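[1] Have a look; sequence and predicted model below, questions after that.
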Amino acid sequence: MPSYQYIAKRLNGETVKGTRQASSLKELAHLLKTDGCFLVSADIEEEKQGLARFIPKLKYIPISQKLLVTQNLQVLVAAGVSLPHSIDVLEKQTKSRYFKNVLKEVRELILKGSSLSEALAEFPEVFSDIYVNLVKVGEKTGNLEGVLGILTKQLDRSYQLRSRTRGAMLYPAVVISTLILIGTAMMIKVVPQLSQTFEELEVELPPLTKFVIAFGEFFANQWLLLFSILMLSGVIFYFVLKSAPGKKVFHKVILKLPILGPLVKKINAAYTAMSLSALVQGGVSIVSAINIASDSVGNFYYKQALKDMALKVEKGKKLSKLIGEYNGLYSPLFVQMLQVGEETGTMGKMLLKLSEFYEGQVNNTTKNLSSIIEPILLLLVGAAVGLFAISVFQPIYSIMSSM
């Protein structure tokens, strides 16, 4: 459906400008008429060009912006401000142009008679199933303010968890990137000069030095080919990871790694407990909550486990007993606390405590990750520098010995 940039006038003579989707100019005029406006002129909005047409992730909205909008919406709803006016206020406060357009569309859908949850459901790339379902429950129970409060806490904790995880990965990424850049510069600039020097001296070079020089010369002459191979490998790897078999293998390998595996398990356990606690406390049925929570975890095996559990819980089995069958994914503590929650009728509270516990575990692990990874990185850097130094100084030492 095309979007039109239009100019319209109200009955009092006020000029209104905006963008709206319609199948034709006739439908656009009819839609504006229902809002008390008369169409003056309209142009079809140009289609998005460049990468934005092909890469939907360019429309990605950070959690921090969703958190701010949800928090402010809760305040406005608590103050008794109408939903259309509340969303209009939020639209003006939002910095992201794409998010502004989304909020504008949400407001227009509400004015046409849609509920807030129905309007949000039109934008699944912005508002997750958890978000939409909790808002729906809040509308049904008349407790939209309370549900928005739960969502605010859930988004805040999700933001903090993601920030810690990314921060922990930053240090090794910087070190490895720097090592690659320095190695590339050495291969392009230093190695060819050394090769020329050794040729002039007519020295018999050891195998390691010959290998380094040959690789350096190949790198200097064929850098475009190597870069193309690297880019092609990256693209192939990306599409392999997007496929179900590739994702399955990769995620299994990640879970088996000595340092990263335990961290990934804690992160997925935290997201499981966080999502389930928000949904259960919001009043979503346990089967729906498990199904929705499966979308919040990133690992293939956690996602599949939760989907399987939802089917079995629907048949009458207890969630704690089912999670106990996945002892490679969820710890005995997770099972025990969930069992207590089921027996005492406080599952929401127990899941909240579990999510707080695992968030603390992730926080502690990410804090110590740098000190764990640092010796490994030092060994890698030391080995690379040592091999290069040996390849350079070994021929020089041979020259000095023969003099």
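    Arrived safely, thanks for sending.

[2] List the contacts of stretch 385-394.
    The contact list for stretch 385-394 (CB atoms under 8 Å, 6 or more residues apart in numbering) reads 186, 194, 206, 208-209, 211-212. Backbone N, C-alpha and C define where each C-beta goes, glycine included.

[3] repeat for stretch 313-328
    So stretch 313-328 is contacted by 255, 286-287, 290, 305, 308-309, 312, 330, 332, 334-335, 338-339, 341-342 (CB under 8 Å, 6+ apart).

[4] mind listing what's buried in it?
    Judged by neighbour count (16 or more other CB atoms under 10 Å), stretch 313-328 contains these buried residues: 313, 319-320, 322-324, 326.

[5] Using PDB, write down the CA coordinates of it.
    Provided in PDB are the C-alpha atoms of stretch 313-328 (Å, rounded to 0.1, in the frame of the first residue of the first chain):
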ATOM      1  CA  VAL A 313       2.300 -28.000  29.700                       C
ATOM      2  CA  GLU A 314      -0.800 -27.600  27.600                       C
ATOM      3  CA  LYS A 315      -1.400 -31.400  28.100                       C
ATOM      4  CA  GLY A 316      -1.300 -31.000  31.900                       C
ATOM      5  CA  LYS A 317       2.400 -31.500  32.800                       C
ATOM      6  CA  LYS A 318       4.200 -29.200  35.300                       C
ATOM      7  CA  LEU A 319       6.700 -26.700  34.000                       C
ATOM      8  CA  SER A 320       9.300 -27.400  36.800                       C
ATOM      9  CA  LYS A 321       9.300 -31.100  36.000                       C
ATOM     10  CA  LEU A 322       9.800 -30.400  32.200                       C
ATOM     11  CA  ILE A 323      12.600 -27.900  32.800                       C
ATOM     12  CA  GLY A 324      14.300 -30.500  35.000                       C
ATOM     13  CA  GLU A 325      14.600 -32.700  31.900                       C
ATOM     14  CA  TYR A 326      16.800 -30.100  30.300                       C
ATOM     15  CA  ASN A 327      19.500 -30.200  33.000                       C
ATOM     16  CA  GLY A 328      22.100 -29.300  30.300                       C
END
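
[6] where do the helices sit along the stretch 251-400 of the chain?
    Using DSSP state H, counting those that start in this stretch, the helices of the stretch 251-400 of the chain run over 260-282, 286-293, 300-314, 319-324, 332-344, 347-402.

[7] Specify the angle between the first one and helix 347-402 in degrees.
    Orientation check (axes from the mean of the first three to the mean of the last three CA atoms, to 10 degrees): helix 260-282 against helix 347-402 gives 160 degrees.

[8] how about L39, phi and psi?
    Phi and psi for L39, reported as degrees, to the nearest 10, are phi -70, psi 130.

[9] Helix or strand: which one has the nearest residue to V135 once chain neighbours are set aside?
    Among residues not flanking V135 along the chain, S117 sits closest, at 4.4 Å (CB to CB, 6 or more residues apart in numbering). Per DSSP states H and E: S117 is located in helix 116-120.

[10] Quick one: residues in contact with that helix.
    83, 105-106, 109-110, 126-127, 131-133, 135-136, 139, 144.

[11] Now with 7 Å, please.
    83, 106, 109-110, 127, 131-132, 135-136, 139 (CB atoms under 7 Å, 6 or more residues apart in numbering).

[12] now stretch 290-306
    128-130, 133, 247-248, 251, 255, 264, 268, 271-272, 275-276, 279, 307, 309-310, 313, 326, 329.

[13] State the phi and psi torsions of V16.
    phi -120, psi 130.

[14] Any regions of the stretch 251-400 of the chain where pLDDT drops low?
    Counting by pLDDT under 70, the stretch 251-400 of the chain contains low-confidence ranges at 370, 398-400.

[15] List the contacts of the residue nearest the centre of the chain.
    A centroid search over the chain (CA atoms, centre = their mean) returns R162, at 8.0 Å, as the residue closest to the centre. By CB under 7 Å, 6+ apart, the contact set of R162 is I63.

[16] any idea how far L351 is from V381?
    Separation of L351 from V381 (CB to CB, to the nearest Å): 43 Å.

[17] Looking at these two, which is more packed in?
    L351 (27 against 15; other CB atoms under 10 Å).

[18] Count the residues that sit near Y4.
    21.

[19] ok, it touching R20?
    Yes. At 5.8 Å, Y4 counts as touching R20 under the criterion of CB atoms under 7 Å.

[20] quick one: contacts for T165?
    267, 362, 366.

[21] Please disregard the earlier target; I meant L144.
    So L144 contacts 77, 138 (CB under 7 Å, 6+ apart).
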